[in-house]
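Trainee: Fold the following, please.
(chains A and B)
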Amino acid sequence: MKSILAVIGLLLSSSSWAHPVSFKGSLGIMGSQSELLSHNQINYSATHRFAFGAHYLRRPNRETDREAGFFTTNFLLKRWNGSSYQGNIYALQGLGGSDFSGRGRLSGVSGLQFDIEDRELYFLAKHLESYNGEGSDFRQSIVRAGVAPYVADFEGIHSWLILQWQQNQFVDEDPVRDVTPFIRVFYNNLLFELGQSLDGVTRFNYITHF
Amino acid sequence: MKTWMFIILSAFISISLQAEDAHKHHKNDGHKHEGSTAEVVSSTATETTIKVKGMVCAFCAQGITKNFKSEKEVEDVKVDLDKMEVHLRFKKGQKLSRAKMKEIITGAGFDFVGEVSE
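Mentor: Down below sits the predicted model:
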């Protein structure tokens, strides 16, 4: 049962709010910020199925911050364009460096994401994991569901209410889980989300693309 | 922090209610427009309407407007998420080929169904 849940979790992991591949020729900049972890990335989509990316993660620490950076290749593995919905599966692979384990090391990163949405509901699940020669030094799983309180026109202000479950696990530490309700607002090519977890952690996400 | 969250939530609800109201008015206006000018909008020498599948997210559909507007033949682009249609108005005497329109729609990640008049 646990393995089935793990597979579902993996398939449903990564974020629909942040498509790692966008339209052909676009440059996307996105990130998530909190006192526990910040993650910023930039992706250039060569086609609507393939993008190059760069990620920077920083974990604030009482003694010294921990950081990781990766260059990635992002793929749209599967897209369902329905008459009233769109579903996607994305994957990313990358190489870079990380000192999450306590000292700087050559590291790899892998991610898998599933999302599906129509104009009123949306669901996303993703998993991101970085690893070095000794194993995984960071794992992140996110599952989120959202509802739009109204349906806006293309040129209008769009709003969503989103509930997110998140689990972060660093090497040699217990996993930290929390649930965060978000408010998302976007207009044209600028999107932001603001939320506060049930444990009191404030989170801010943003996306823009050109 | 709770005070800030309350203020932001209040602002969000206000924006939501106003935006919903604006959308209803727009839809009503759209019905009137559709009834009187459907033939003009469908497909003429200077305008055409493309049916697109999968276009449910305004944020993701920004690539359609961006890439159509970069074509010298195109004067204006309107996206209708309700009908999943893209309306193109061309400059006088000009038009994009069907292949080019399909290339832009699929390049944005959506399925090109065809022009409405087809």
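
Trainee: all helices of chain B, in order?
Mentor: B:2-42, B:62-69, B:98-107 (DSSP state H).

Trainee: I'd like to know which of those helices has the weakest mean confidence.
Mentor: Of all the helices of chain B, the minimum mean pLDDT falls on helix B:2-42 (a mean of 51).

Trainee: Now stretch B:85-92: buried residues?
Mentor: B:Glu85, B:Val86, B:His87, B:Leu88, B:Phe90 (16 or more other CB atoms under 10 Å in any protein chain shown). Every residue, glycine included, has its C-beta placed from N, CA and C.

Trainee: Local confidence estimate at the nearest residue in space to the fourth one that is not next to it in sequence?
Mentor: Across the structure, with CB to CB, 6 or more residues apart in numbering or on different chains as the measure, the residue nearest B:Leu88 apart from its sequence neighbours is B:Thr48 (5.3 Å). What the model reports for B:Thr48 is a pLDDT of 94.

Trainee: And for A:Gly108?
Mentor: So A:Gly108 comes in at 96 (pLDDT).

Trainee: try B:Val116
Mentor: 85.

Trainee: So it versus A:Val201, what's the distance?
Mentor: Distance of B:Val116 to A:Val201, given as CB to CB, to the nearest Å: 49 Å.

Trainee: B:Glu71 is in contact with B:Lys100, correct?
Mentor: Yes: counting by CB atoms under 8 Å, B:Glu71 is a contact partner of B:Lys100 at 7.3 Å.

Trainee: Of the two, give the one with the bigger neighbour count.
Mentor: The residue with more neighbours, out of B:Lys100 and B:Glu71, is B:Glu71; 17 against 13, by other CB atoms under 10 Å in any protein chain shown.

Trainee: which one is that one nearest to, not counting chain neighbours?
Mentor: B:Glu71 sits nearest to B:Leu96 (CB to CB, 6+ apart), 6.1 Å away.

Trainee: ok, how many other residues are close to that neighbour?
Mentor: With other CB under 10 Å as criterion, B:Leu96 counts 19.

Trainee: And the pLDDT at it?
Mentor: 91.

Trainee: same deal with A:Ile183?
Mentor: For A:Ile183, pLDDT reads 95.

Trainee: On the C-terminal side of the top strand by length along chain A, identify the next helix or strand.
Mentor: In chain A, ranked by residue count with DSSP state E as the criterion, the top strand is strand A:66-81. For strand A:66-81, the succeeding helix or strand toward the C-terminus, using DSSP states H and E, is strand A:86-98.

Trainee: partners of that following strand, with directions?
Mentor: If you go by DSSP bridges, strand A:86-98 pairs up with strand A:66-81 (antiparallel), strand A:105-117 (antiparallel).

Trainee: Where does pLDDT dip in chain A?
Mentor: A:1-18, A:62 (pLDDT under 70).

Trainee: where along it do the strands fall?
Mentor: Under DSSP E, chain A gives strands at A:27-34, A:38-45, A:50-59, A:66-81, A:86-98, A:105-117, A:121-132, A:135-147, A:158-170, A:176-187, A:190-196, A:202-209.

Trainee: residue farthest from the centroid of chain A?
Mentor: Distance to the chain centre peaks in chain A at A:Glu63, reaching 27.0 Å (criterion: CA atoms, centre = their mean).

Trainee: Just list the residues touching that residue, thanks.
Mentor: For A:Glu63, no contacting residues are found, by CB atoms under 8 Å, 6 or more residues apart in numbering or on different chains.

Trainee: quick check: domain ranges of chain B?
Mentor: B:1-37, B:43-118 (automatic domain parsing).

Trainee: so what's A:Gln166 up against?
Mentor: Counted by CB under 8 Å, 6+ apart, A:Gln166 has contacts A:Gln140, A:Ser141, A:Ile142, A:Val143, A:Arg177, A:Asp178, A:Val179, A:Thr180.

Trainee: residues near A:Ser136, how many?
Mentor: 17.

Trainee: One more: A:Asp199?
Mentor: What A:Asp199 shows, counting by other CB under 10 Å, is a neighbour count of 11.

Trainee: How about A:Phe23: what's its closest non-neighbour residue?
Mentor: Using CB to CB, 6+ apart, the nearest residue to A:Phe23 is B:Gly63, at 2.7 Å.

Trainee: That neighbour against B:Ile105, yeah?
Mentor: No: look at B:Gly63 against B:Ile105 with CB under 8 Å: they stay out of range, at 9.5 Å.

Trainee: Could I get the contacting residues of residue 98?
Mentor: Just going to use chain A. A:Leu57, A:Glu67, A:Ala68, A:Gly69, A:Gly104, A:Arg105, A:Ser107, A:Ser130, A:Asn132, A:Asp137, A:Phe138.

Trainee: not what I meant, chain B
Mentor: B:Glu115.
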